[in-house]
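>>> Below are the sequence and a predicted model for it; my questions follow.
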Amino acid sequence: MNDPENKPPAEGQLAESTDPAELRARLNTETARIEWQALAPHFARGVVVVVSPELDLVEVAAAFVENDKASVSEWMESDKLERASDDDARGWSESDKELWAVVVAPWVLVQDRA
């Protein structure tokens, strides 16, 4: 475990050291379903971002890693990407919702693909 070759890349290093296809493949393997109970602490920290079902979760995550401000701004302006609200949290809690998620530190991107 102390092998320096097994350390995760430093922030921003992933985008610099990986071609776009490799980045997307890696992010795809890092997506997982997450239940509200596991998501709640991240919501409390204010780092949960809701991705519209019409967007590709992996593409959005890649845009975050690649610091693609134009795409992220466009999605935010069109309400396809936004921080999770109290209403979101209440709904997820009441229905014990399971969402697709990927972590792009410090953010946790979630998507309802029901």
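That came in fine, so what should we check first?

>>> Three-state assignment for residue 63, please.
Assigned state for residue 63: helix (three-state reduction, DSSP: H, G, I helix; E, B strand; the rest coil).

>>> a strand runs through residue 49, doesn't it?
Yes - assessed with three-state DSSP, residue 49 lies in a strand.

>>> shift numbering so it begins at 448
Sure, I'll start counting at 448 from here, so that last one is residue 496.

>>> Identify the single longest strand in the protein, thanks.
strand 545-551 (DSSP state E).

>>> and that strand, what other elements does it pack with?
When contacts are defined as 3 or more Cβ pairs under 8 Å, 6 or more residues apart in numbering; DSSP states H and E, strand 545-551 packs onto strand 479-482, helix 483-491, helix 504-512, strand 554-558. No exception for glycine: its C-beta is placed from N, CA and C like everyone else's.

>>> possible to save those as TSV with mean neighbour count?
Formatted as TSV, these follow (neighbours: other Cβ atoms under 10 Å):
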stretch	mean neighbour count
strand 479-482	13
helix 483-491	15
helix 504-512	21
strand 554-558	21
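
>>> out of these, which comes closest to residue 468?
helix 504-512 (10.1 Å; Cβ to Cβ).

>>> if I look at the closest residue to residue 529 other than its chain neighbours, how far off is residue 480?
In space, and not counting its chain neighbours, residue 529 is closest to residue 497: 5.6 Å by Cβ to Cβ, 6 or more residues apart in numbering. Remark: distance between residue 497 and residue 480 (Cβ to Cβ, to the nearest Å) = 15 Å.

>>> OK, contacts around residue 553?
Going by Cβ atoms under 8 Å, 6 or more residues apart in numbering, residue 553 touches residue 494.

>>> Check it and give its pLDDT.
What the model reports as pLDDT for residue 553 is 95.

>>> Since that was my last question, I'll sign off now.
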